[in-house]
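**Student:** no letters, just coordinates:
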């Protein structure tokens, strides 16, 4: 079996070396970046090895992450995009949130919100049946669905392919999914929440960590 495996690997290696081009891997579940290399013999083996270790990324996760970065921080600097991307991935890694990036981005929560309802009615009072208007206020509870990331509850236009903000968002998303997450984990690995600086949410039990551009980030 080991000899057969070695033969197969050798044949595959020769196919790559003879062509001088590393093939791109693409199917319904994952994508891999293609690499084109020079025809210099000394580089071909290294190119082949590089192709084998190139990270495989789920295309749906890549698109969902890029869109979340774009709609939440498209106009933010690079570091702001990184932080939003890290929040998204951190949630997918945490048991309190959905376990995939797309499910995290699309997550909606339903909560009961109190609402005061006042009704008025007329009753007869007294011996002669005098009419009297009365009012009564009651508290009713409505189920309200909210999006964890507000753009999912809004009508947004699809990003234009040549929009620099979209291009940058895709680059940051790929960087994080291709191994860049580890580079930023020490600094942003605990981030789970953020909001715009002009918002004042009544959050409890979360620790403010850092402000980047127009957002404030929390554990």
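**Tutor:** Sure thing, it's come through. Fair warning: this is a prediction, and the values are worked out from it, not measured in the lab. Numbers count the residues shown, from 1 in each chain.
**Student:** CA atoms for contacts and neighbours, from now on please.
**Tutor:** Will do.
**Student:** any idea of the pLDDT on residue 57?
**Tutor:** Here, the pLDDT recorded for residue 57 equals 88.
**Student:** wait, residue 165 touches residue 74, no?
**Tutor:** Yes: with contact defined as C-alpha atoms under 8 Å, residue 165 and residue 74 form a contacting pair (5.2 Å).
**Student:** tell me the domain ranges of the chain?
**Tutor:** Domain assignment for the chain by automatic domain parsing gives 2-53, 59-107+148-218, 110-146.
**Student:** quick one: end-to-end length of the last one, please.
**Tutor:** Counting by C-alpha to C-alpha, to the nearest Å, you get 6 Å between the two ends of domain 110-146.
**Student:** thinking again about what came up before, tell me the most buried of the domains of the chain?
**Tutor:** domain 59-107+148-218 (a mean of 17; mean count of other C-alpha atoms under 10 Å).
**Student:** so where is the chain shaky, pLDDT-wise?
**Tutor:** For the chain, the stretches with pLDDT under 70 are 1-55.
**Student:** so which residues of it form strands?
**Tutor:** Ranges of strands in the chain, per DSSP state E, are 21-22, 35-36, 108-125, 130-147, 193-196, 208-212, 215-218.
**Student:** contacts only, for residue 164.
**Tutor:** Listed by C-alpha atoms under 8 Å, 6 or more residues apart in numbering, residue 164 has no contact partners.
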